[in-house]
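*Asks:* quick check, what structure comes out for this input:
(2 chains)
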2 protein chains.
Amino acid sequence: MIGTELGDLRRTHYSTELNSLNEGTDVTVMGWVVTVRGHGNIVFATIRDKLGNIQVITKSGECEDDIREKLSHLKEHSSIAVVGKTRKNEKSPTGIEIVPSEMRVFSEVEKIPPFEPYAKTVKNIDTRLEVRAIDLRRNVLQKIFLARSVTLRALRDYLGKEDFVEVNTPKMIATATEGGAALFPIFYYNKEAFLAQSPQLYKEQMTIGLERVFEISSFYRAEKSHTGRHLSEFTSVDIEAAMMDYTDVMDVLESIVVDVFKNTAENSKTEQKEIGHEIRIPDSPFERVSYTQALDELGKMDIKLEFGEDLQDSHLRSLGEKHPGFFFLTDWPMKLKPFYIHEKDDDPTLSRSFDLQYGYLELSSGGRRLHDPEQLKSRLKEQNLDPTSFEEHLKTFGWGMPPHSGWGMGLDRLMTVLIGIDNVREVVLYPRDPDRLKP
Amino acid sequence: MIGTELGDLRRTHYSTELNSLNEGTDVTVMGWVVTVRGHGNIVFATIRDKLGNIQVITKSGECEDDIREKLSHLKEHSSIAVVGKTRKNEKSPTGIEIVPSEMRVFSEVEKIPPFEPYAKTVKNIDTRLEVRAIDLRRNVLQKIFLARSVTLRALRDYLGKEDFVEVNTPKMIATATEGGAALFPIFYYNKEAFLAQSPQLYKEQMTIGLERVFEISSFYRAEKSHTGRHLSEFTSVDIEAAMMDYTDVMDVLESIVVDVFKNTAENSKTEQKEIGHEIRIPDSPFERVSYTQALDELGKMDIKLEFGEDLQDSHLRSLGEKHPGFFFLTDWPMKLKPFYIHEKDDDPTLSRSFDLQYGYLELSSGGRRLHDPEQLKSRLKEQNLDPTSFEEHLKTFGWGMPPHSGWGMGLDRLMTVLIGIDNVREVVLYPRDPDRLKP
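*Replies:* Numbering: from 1, shown residues only, chains lettered A, B, ... in the order given. Here you go, the predicted structure:
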């Protein structure tokens, strides 16, 4: 009889641990059926756990007939456990095969999956997103999310070493942080509220007590963009630091990007092989191009822009061709920047601000912030924002706000660069966009 | 002239690094004024950075008069930088004082703060929450959030070592995960959506590909509770693992709690001293009390409950007196559990489920989940939920869902136990409850 219950059975080895075992070792492996090939009295099956493949052989006389019989009818994806002994076999991909003495079938698959689950590529991403969990059975996809997990760890390790304290800011907020555009409204009991698009005001406030803070969390932007780089819900890496100017936090950003590329490259060698992309450690220092220089460079390409005009996607693509890797775009005009950004001393029309670009792709935005409450109040008015909506925030600035700077970086975009893929939907488990709220 | 700009000046040493320096070392320190004491031609000031205090001395003839003059008028909280030389002084708390050659005042405080910022205790938590950033200037508060940061790191390190992959699930969802109660509605473009109260369905789905996943993130519950342990936005630690039963994930939970207590105790010695609470490593194994045993125990205290009745706060308090530390409450009646929980083999009225309690306080809830799509569908109907609302979720279960188990733990509650404090608002930076949406 073939069992169907987990009961007291537990996996003893992952696929990758098998080939170091002696012949004849008792093992229990668990995974999903990849292929079954029957040849009369011999049936081979490949099953797969999260680390790799395992070959199972059932031969008349060597194992019970009902196991061979059941195995021969199992469809791809069925979730099973095999108890048996190891045997060396040069023809098996791992050099080892398992001769079963017991088998349990936890989930027997009847239906044909919507796409070949072990395929390296599947053209239609929408089909895949509709059954994202099944998509995760594809090796490439698994490796992408393992690499993402490695990256998250590398980011936190770096910031921890640099004395940044991890914080959790609220995502349900009463006031629009940066002026009210593109917010998702919530019913908060009987009040109006919004989903936060960044931890901006909170992280600034906390520099007064914790000096250096960071947060890695989901944030929300109700933008009707249908590009490969915008999502309605995205993961942002945010830092803010007291006693630092914008050039200092640019240095932190440059170091963390290089460190994360190194670290992820080193700790995801298998993943890179399976994904088919080798992570290249970026050269540093990153080039630093000011907005004014960028206008000059564009001018030379016959793209004429007035000082103060924003750089559109097409302009960034032209600049990206000239600077194909990582580079900073710095010293943007004040009028293009949010109210909390600090001006430059030598030219108040310019700001102490920067974007980190990867070619045309904006990965991060940051700058020095105003710390004087009076300046902040006038800036709010200049930008037609109501200081009374920012009352709690401004209050904080009355008791010793230090000079401070920070940045926010889109983790999903960073992952596309790391993995060498051009759609953020590939590196987000369950993406949200104007057309997609499910699954 | 006393400068006000950060300019090129950078901190060379934190307070804690000063007493290992030779006399006469050039240093730049930055921080906030704690006290200023003037004695005619001598003015002492204590300034404070995130790690501790620094004594500054300005004496006629030793440093410029305008520095002494300015320092003598600075109010508490003003944010400043002092450039100078170190000198040994046994009367200084750190054994070192600084004789300034330059001073910059970044933020000069004029107003009187709403409470004594360096006080160990401030009675009214509402007053403090209204200016939370100022509250963070209190040493105790800083240490609480440093300890929280240490705990977050310990949790992730443990789960990483146990092969759990960190994931980010969506917080904007189309369907109520556990039946629709207590959800915050959102306007999602032109659709209705909700804020997730847990990553339940997503983490279950992902066991099919990633096997073991974890997430630490904010979740949302629109409950009009006004207790010291409920918040509308809370941080949850969630795990889910393929091929594990509920007893296995209970073991994981027990080990992680003990490990986190050990780790945080070790890495927050200063913090514990300042908070005035010594972290006690819990004894393991934790007691495991079944629901049926709990009814017996309550019966002996003359509290009579029928099988199937839920344990109310008063019952948990009685049980908590008998079991004052960590203990598991297991094998709850099926009818008290959400649709996805698996029944026991030997008694289908009981579930493979557990809560982790600390005395009366519920810290975590978890169990074995159903993995058979047909059982799941009937359970949804039994609980008057519409299977069509769970269509995407059920679809996933058709292609090899493994047996799986998991839990969710409230980080904020765990922190109250770690820190020895009884209100979650003490360990959350900007708490959200039915009455509090700001700051």
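*Asks:* what residues does the stretch 251-400 of chain A put near chain B?
*Replies:* A:345, A:371-372, A:392-393, A:395-400 (Cβ under 8 Å from any Cβ of the partner chain). For every residue, glycine as well, the C-beta is placed using N, CA and C.
*Asks:* of these, select the buried ones using a PyMOL command.
*Replies:* Buried members of these, defined by 16 or more other Cβ atoms under 10 Å in any protein chain shown, are picked up in PyMOL with:
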select buried, chain A and resi 371+372+392+393+395+396+397+398+399+400
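*Asks:* so which residues of the stretch 301-439 of chain A form helices?
*Replies:* Counting by DSSP state H, counting those that start in this stretch, one finds helices in the stretch 301-439 of chain A at the ranges A:313-322, A:373-382, A:391-396, A:411-419.
*Asks:* quick one: which of those is nearest A:F194?
*Replies:* The minimum distance between A:F194 and the helices of the stretch 301-439 of chain A falls on helix A:391-396, with 14.8 Å, by Cβ to Cβ.
*Asks:* packing partners of that closest one?
*Replies:* For helix A:391-396, the packing partners by 3 or more Cβ pairs under 8 Å, 6 or more residues apart in numbering or on different chains; DSSP states H and E come out as helix A:200-206, helix A:373-382.
*Asks:* between all of the residues of the stretch 251-400 of chain A next to chain B, which two are separated the most?
*Replies:* A:D345 and A:E392 (29.6 Å).
*Asks:* most packed of the helices and strands packed on helix A:391-396?
*Replies:* helix A:200-206 (a mean of 25; mean count of other Cβ atoms under 10 Å in any protein chain shown).
*Asks:* pLDDT below threshold where in chain A?
*Replies:* A:176-180 (pLDDT under 70).
*Asks:* for it, which strand is longest?
*Replies:* strand A:26-39 (DSSP state E).
*Asks:* name every strand pairing with that strand and say which way it goes.
*Replies:* Strand A:26-39 has the following strand partners under DSSP bridges: strand A:42-49 (antiparallel), strand A:79-88 (antiparallel).
*Asks:* burial count for the residue of the stretch 151-300 of chain A found nearest chain B?
*Replies:* Nearest residue of the stretch 151-300 of chain A to chain B: A:G209, at 2.7 Å (Cβ to the nearest Cβ). Neighbour count of A:G209, defined by other Cβ atoms under 10 Å in any protein chain shown: 25.
*Asks:* with A:P114 instead?
*Replies:* The number of residues packed near A:P114 is 16, by other Cβ under 10 Å.
*Asks:* list the contacts of it.
*Replies:* A:127, A:130-131, A:134 (Cβ atoms under 8 Å, 6 or more residues apart in numbering or on different chains).
*Asks:* what do you get if the cut-off is 10 Å, keeping everything else the same?
*Replies:* Residues near A:P114 by Cβ atoms under 10 Å, 6 or more residues apart in numbering or on different chains: A:122, A:124, A:127-128, A:130-131, A:134-135, B:395, B:399.
*Asks:* in three-state terms, label it for me.
*Replies:* coil (DSSP: H, G, I helix; E, B strand; the rest coil).
*Asks:* again, but for the one 3 residues further on
*Replies:* Secondary structure assignment for A:P117 (three-state DSSP): coil.
*Asks:* how about the backbone phi and psi for it?
*Replies:* The phi/psi pair for A:P117 (degrees, to the nearest 10) reads phi -70, psi -20.
*Asks:* that one: what's it in contact with?
*Replies:* With Cβ under 10 Å, 6+ apart, A:P117 has these contacts: A:32, A:34, A:48, A:76-77, A:131, A:134-139, A:141, B:209, B:399-400.
*Asks:* which members of the residues you listed are positioned in strands?
*Replies:* Short answer: these in strands (DSSP E) are A:32, A:34, A:48.
*Asks:* hmm, what's the outermost residue in chain A?
*Replies:* A:G61 (50.5 Å; Cα atoms, centre = their mean).
*Asks:* now that one: how far from A:L71?
*Replies:* Distance check for A:G61 against A:L71: by Cβ to Cβ, to the nearest Å, it reads 15 Å.
*Asks:* cool, A:N263 as well?
*Replies:* To A:L71, A:N263 is 42 Å away according to Cβ to Cβ.
*Asks:* of those two, who's got more company?
*Replies:* Applying other Cβ under 10 Å to A:N263 and A:L71 shows that A:L71 carries more neighbours, namely 26 against 20.
*Asks:* just the C-alphas of the helix or strand where that one lies, formatted as CSV.
*Replies:* Per DSSP states H and E: A:L71 is located in helix A:65-73. Provided in CSV are the C-alpha atoms of helix A:65-73 (Å, rounded to 0.1, in the frame of the first residue of the first chain):
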residue,chain,number,x,y,z
ASP,A,65,5.7,-4.1,-7.4
ASP,A,66,3.0,-1.7,-6.1
ILE,A,67,5.7,1.1,-5.7
ARG,A,68,6.9,0.6,-9.4
GLU,A,69,3.3,0.4,-10.5
LYS,A,70,2.3,3.6,-8.7
LEU,A,71,5.5,5.5,-9.7
SER,A,72,4.9,4.6,-13.4
HIS,A,73,1.6,6.4,-13.4
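*Asks:* okay, helices next: where are they in the stretch 101-250 of chain A?
*Replies:* A:125-130, A:132-135, A:139-161, A:200-206, A:246-267.
*Asks:* format those as TSV; extra columns: distance to A:L437.
*Replies:* Compiled in TSV, the helices of the stretch 101-250 of chain A are given as follows (distance: least, Cβ to Cβ, whole Å):
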stretch	distance to A:L437
helix A:125-130	11
helix A:132-135	13
helix A:139-161	21
helix A:200-206	26
helix A:246-267	31
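*Asks:* excluding sequence neighbours, find me the nearest residue to the closest residue to chain B within the stretch 1-150 of chain A.
*Replies:* Nearest residue of the stretch 1-150 of chain A to chain B, counting by Cβ to the nearest Cβ: A:L136, 2.7 Å away. Leaving aside its sequence neighbours, A:L136 sits nearest to B:G209 (Cβ to Cβ, 6 or more residues apart in numbering or on different chains; 2.7 Å).
*Asks:* can you pull the contacts of the one you found?
*Replies:* Taking Cβ under 10 Å, 6+ apart, one finds A:32, A:50, A:117, A:132-139, A:141-142, A:145, A:429, B:165, B:242, B:400 in contact with B:G209.
*Asks:* switch the cut-off to 7 Å
*Replies:* A:133, A:136-137, A:142 (Cβ atoms under 7 Å, 6 or more residues apart in numbering or on different chains).
*Asks:* again, but for A:G406
*Replies:* Contacts of A:G406 by Cβ under 7 Å, 6+ apart are A:203, A:238-241, A:249, A:366.
*Asks:* most surrounded residue in those residues?
*Replies:* Top of the contacts of A:G406 by neighbour count (other Cβ under 10 Å): A:E240, with 29 neighbours.
*Asks:* now that one, nearest residue through space, not along the chain?
*Replies:* A:G406 (3.4 Å).
*Asks:* could you tell me how far that neighbour is located from chain B?
*Replies:* 14 Å (Cβ to the nearest Cβ, to the nearest Å).
*Asks:* that residue bridge partners, please.
*Replies:* Beta-bridge partners for A:G406, by DSSP bridges, are A:E240, A:G367.
*Asks:* what does the stretch 1-150 of chain A put close to chain B?
*Replies:* A:6, A:11, A:30, A:32, A:50, A:77-79, A:106-107, A:109, A:111, A:113, A:131, A:133-134, A:136-137, A:142, A:145-146, A:149 (Cβ under 7 Å from any Cβ of the partner chain).
*Asks:* again, only this time at 6 Å
*Replies:* A:6, A:11, A:30, A:32, A:50, A:77-79, A:106-107, A:109, A:111, A:113, A:131, A:133-134, A:136-137, A:142, A:149 (Cβ under 6 Å from any Cβ of the partner chain).
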